[in-house]
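In: 3D, please:
(one chain, ligands or ions: 2)
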Amino acid sequence: MSTTSTGTAYLPQASGPTVLTGTPVVPGVALGPVIRPSGAVRLPGDGEPDVEEGARPAEKQRFVAAAEVVAGRLAQRAAAATGVSAEVLSTTAGLARDRGLLSAVEQRIDSGSPAAVATVQAAQQFMDMFTALGGLMAERVTDVRDVRDRIVAELTGQGEPGVPSPDVPSVLLADDLAPADTAGLDPARVIGLATRLGGTTSHTAIIARQLGLPCVVAVGGLDDVPAGATVLLDGEQGTVTVDPEEFEALARVDAARAAAEALSGYEGPATTKDGHAVQVLANVQDGAGAQAAAAVHAEGVGLLRTELAFLGHAEEPSVEEQAKGYAAVFEAFAGRKVVLRTLDAGSDKPLAFATLPDEANPALGVRGLRIARLDPGLLERQLDAVAEAARTTSSTPWVMAPMVATVAEAADFATQVRARGLVPGVMIEVPSAALLADRLLEHVDFLSIGTNDLSQYTLAADRLSADLADLTDPWQPALLLLVSMTAEAGRRRGKPVGVCGEAAADPLLACVLVGLGISSLSCAASAVPGVGSKLGTVELATCQEAARAALAADGPAEARAAVRAVLAAAE
Ligand code: PEP
Ligand code: MG
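Out: Numbering: from 1, shown residues only. Ligands and ions are numbered 1, 2, ... in the order given. Alright, predicted model coming up:
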């Protein structure tokens, strides 16, 4: 018997283990002792005595050496990692070597501050700047703080901050994690992850998904679980059971292991148990990602996020450079479906050459397709590059625009795409587009629902805000209603409607989406076998019943419970 807590302090219950609940992110079960990130690094105050003038060059050297040790460690981990993890680690390593940070620190040492004090002050200067730029740079602030702590710890002999490397496989519990901490996790030692904060689209969630690490976020009561306690983490149910009953816990671990082994046999293409075909595709950002997706039997690419390859670029990449990158993806899926999205620059993905630097409200600003208002040539040249890549690889990619809000935008985009012999579509990320789905389909050949943004705009909740993660949960009935309306429009027009937001990576929600009439699901490559296999266990009619149950529920938790009950009853 268990008791459940969703936000209350953890108290061992006489009646049985305590079950804390949160938002499930990556399915799988982990049983082990709790580890927590090491405590906060002690930062020096401003009252430290000045460094004498003659000792200042050596103090600068001390900073350079400490920053290099930090950068070197992170770069080494980046070399051992792949995909998003490698990227996050090398970005953080790059920050430790950043010339702007170095010169801000040197200036302060020149005026007498000790290296650790100068590091704290210079980092603060950058954090203030990024904060003033708005939500746009939220993730950057976390990175700078992380680098600051690592360098100060090195300078002051406090040891490396972050996640300890346990001797036995352990479950990591934390408030939230710095991107570099999550990216540096070794899945052989850290077998599960739960955070008090964070949403399904947070960095932690995205990397946990890539590592295939069972993960639950936004868990109430997590603070009170001490390091060393045994927990059973269930990434499908979204629970963390403290001091579980041993026999039951081991049985759940065994069942999860058997389920994971069954997944390794997944070869696609996906169908429901009664043979209804559903394309399970992958979200990728480059040729290497596309090859990895092909290896796990994704049927194609449902979302090529073209902007991600150019995040660090100061200048617009040439048509040739773009064409080469796109061709690498088309080649990995020769003869199969590839959906390329034109640059979704702005908001959480700023591109120096495409976006406005000082918008007051970037998530509602000139982002996605709207960047073509500032510079129509940017879109034209990108479409030229796509057409060139299609020609050299003899493929016919589908091309979609992000952040479409009006019929006129869809019509104009479709004209430009068709003129190049490509197949036009639009993303449904703005509620107005979902409401107008029927009319958008008069102009384009397909729709793809970006549930990450559609939930942020429908619930009016920043998708990066950990405090509002319950609102941007893709199980919100209002979001599912818009998905249902969009799918219905596709059915009326006989045109495909897919989902490519993180919602498509949740095997349980995938059943609901199929029941709502969605014809393709595109998710992280690591989620493809789980989603594809799950669909094979349910009949279409059960998916439809699950969809009705989810729509009728009052909130995400009720929707998950109702859908589980429908699926269990049909087993
Ligand atoms: C989405 O918004 O759901 C989506 C797939 O686009 P991105 O996450 O890249 O904004
Ligand atoms: Mg989006």
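In: for Ile449, give its distance to Ala387.
Out: Distance of Ile449 to Ala387, given as C-beta to C-beta, to the nearest Å: 26 Å. Just so you know, the C-beta spots here come from the backbone N, C-alpha and C atoms, and that holds for glycine as well.
In: more neighbours: which of the two?
Out: Neighbour comparison, Ile449 and Ala387: the larger count goes to Ile449, with 28 against 20 (by other C-beta atoms under 10 Å).
In: confidence score at the more buried one?
Out: pLDDT, Ile449: 98.
In: show me what it is bridged to.
Out: Ile428, Val499 (DSSP bridges).
In: spatially central residue in the chain, please.
Out: Central residue of the chain (C-alpha atoms, centre = their mean): Ile206, 3.3 Å from the mean position.
In: host element of that residue?
Out: Using DSSP states H and E, Ile206 falls within helix 203-211.
In: contacts for that helix, please.
Out: 25-26, 83-85, 88, 139, 176-177, 179, 182-183, 185, 187, 193, 195, 198-199, 214-215, 217, 502, 505, 524, 526-527 (C-beta atoms under 8 Å, 6 or more residues apart in numbering).
In: could you flag which of these are buried?
Out: 25-26, 83-85, 88, 139, 176-177, 179, 182-183, 185, 193, 195, 198-199, 214-215, 217, 502, 505, 524, 526-527 (16 or more other C-beta atoms under 10 Å).
In: for the stretch 401-550 of the chain, which segments count as strands?
Out: In the stretch 401-550 of the chain, the strands defined using DSSP state E, counting those that start in this stretch lie at 423-428, 446-449, 497-499, 520-523.
In: for Pro244, give its distance to Asp167.
Out: Going from Pro244 to Asp167 by C-beta to C-beta gives 22 Å.
In: more neighbours: which of these two?
Out: Neighbours were counted for Pro244 and for Asp167 using other C-beta under 10 Å; Pro244 has more, 23 against 7.
In: ok, and the closest non-adjacent residue to the more buried one?
Out: Spatial nearest neighbour of Pro244, excluding adjacent residues (C-beta to C-beta, 6 or more residues apart in numbering): Leu232 at 4.1 Å.
In: can you count the residues close to His297?
Out: For His297, the count of nearby residues is 17 (other C-beta under 10 Å).
In: can you list the buried residues in stretch 58-78?
Out: So, applying 16+ other C-beta under 10 Å, buried residues of stretch 58-78: 59-60, 62-63, 66-67, 69-71, 73-75, 77-78.
In: swap that for stretch 214-228, please
Out: 214-222, 225.
In: so which of those residues are in strands?
Out: When DSSP state E is applied, those are split such that 215-217 fall in strands.
In: got TSV for those, with distance to Gln107 too?
Out: Formatted as TSV, these follow (distance: C-beta to C-beta, whole Å):
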residue	distance to Gln107
Cys215	42
Val216	44
Val217	40
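In: quick check, nearest of the residues you listed to Thr271?
Out: Of all those, Cys215 has the smallest distance to Thr271: 28.0 Å, by C-beta to C-beta.
In: the closest one: what's it in contact with?
Out: By C-beta under 8 Å, 6+ apart, the contact set of Cys215 is 24-26, 192-194, 204-205, 208-209, 235.
In: right, and out of those, which lies closest to ligand 2?
Out: Ala205 (15.2 Å; C-beta to the ion).
In: lowest pLDDT pick from the contacts of Cys215?
Out: In terms of pLDDT, the weakest of the contacts of Cys215 is Thr204, which scores 74.
In: so how far is Pro424 from it?
Out: 35 Å.
In: which of those two has more neighbours?
Out: Applying other C-beta under 10 Å to Thr204 and Pro424 shows that Thr204 carries more neighbours, namely 29 against 23.
In: contact residues of the stretch 301-450 of the chain facing ligand 1?
Out: Residues of the stretch 301-450 of the chain lying near ligand 1 by C-beta under 6 Å from any ligand atom: 303, 305, 344, 429, 450.
In: what pairs with the helix or strand hosting the first one, parallel or antiparallel?
Out: It stands for Leu303. Here Leu303 sits within strand 301-305, counting by DSSP H and E. Strand pairing for strand 301-305, determined by DSSP bridges: strand 279-284 (parallel), strand 338-341 (parallel).
In: reformat these as TSV; add mean neighbour count.
Out: Below are the strands paired with strand 301-305 laid out as TSV (neighbours: other C-beta atoms under 10 Å):
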stretch	mean neighbour count
strand 279-284	27
strand 338-341	25
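In: rewinding a little: spatially, which two of the residues of the stretch 301-450 of the chain next to ligand 1 are the most separated?
Out: The most widely separated members of these are Arg305 and Glu429, with 12.9 Å between them, by C-beta to C-beta.
In: more crowded one of the two?
Out: Counted by other C-beta under 10 Å, Arg305 and Glu429 do not tie: Glu429 has more neighbours, with 26 against 18.
In: surely that one meets Ser455?
Out: No - the pair Glu429 / Ser455 is not scored as a contact, 9.4 Å apart, by C-beta atoms under 8 Å.
In: just the buried residues of stretch 306-323, please?
Out: 306-310, 316-317, 319, 322-323.
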